[in-house]
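> Just to be clear, the model below is a prediction. Sequence and coordinates:
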Amino acid sequence: MDMKEIMKGKGLGYWICTGAAVVSLILAIVVFATWDNALPNRVTDGYLIGIVLLIPIVLQAVFTFFPVRFAGVLSVIVYGAAFGTILLRIADTVADFFNKVAFQGGNFGTCIFYAVMSLILAFACIAACFFDQNKEEKYLI
């Protein structure tokens, strides 16, 4: 089976998750480029956010060739993990913003951007769970 036939049989849920994976790749690039200045001073492992955001791209590539009925659920779990990873690293910057001090450093706007984008990606994949991943209804699992 060639790639054209594989892509022709994909449903709306697959395409929503694929779009989320593309946005996740862009967000991971932004995170890798900006985490050092955006996150609080004590955070030395901000690159982990970008690594977690790259996992859905690998998942989506696997789901392209091995269709799974609820593939969106796995993506939601990974985006949830990305959101948790972000929250653990931005807490000091958020606290500094609301307390109106600049003790820990970081950029509040960029930190909130990371968090909101990961939530949007998770919600997109939640919506994808309500649509078919494959038009022929042939699933591996």
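Received, thanks.
> Where does pLDDT dip in the protein?
1, 137-141 (pLDDT under 70).
> Can you get me a residue count around the residue lying closest to residue 131 once chain neighbours are set aside?
What sits nearest to residue 131 in space, not counting adjacent residues and going by CB to CB, 6 or more residues apart in numbering, is residue 13, at 3.6 Å. Where C-beta positions appear, they are placed from N, C-alpha and C, glycine not excepted. Number of residues near residue 13 (other CB atoms under 10 Å) recorded here: 21.
> How about residue 8?
Other residues lying near residue 8 total 10 when counted by other CB under 10 Å.
> Residue 56 in helix, strand or coil?
helix (DSSP: H, G, I helix; E, B strand; the rest coil).
> who's in contact with residue 74?
59, 68 (CB atoms under 8 Å, 6 or more residues apart in numbering).
> picking up where we left off before, surely the residue nearest to residue 131 touches residue 73?
No: Residue 13 is beyond contact range of residue 73, at 10.6 Å (criterion: CB atoms under 8 Å).
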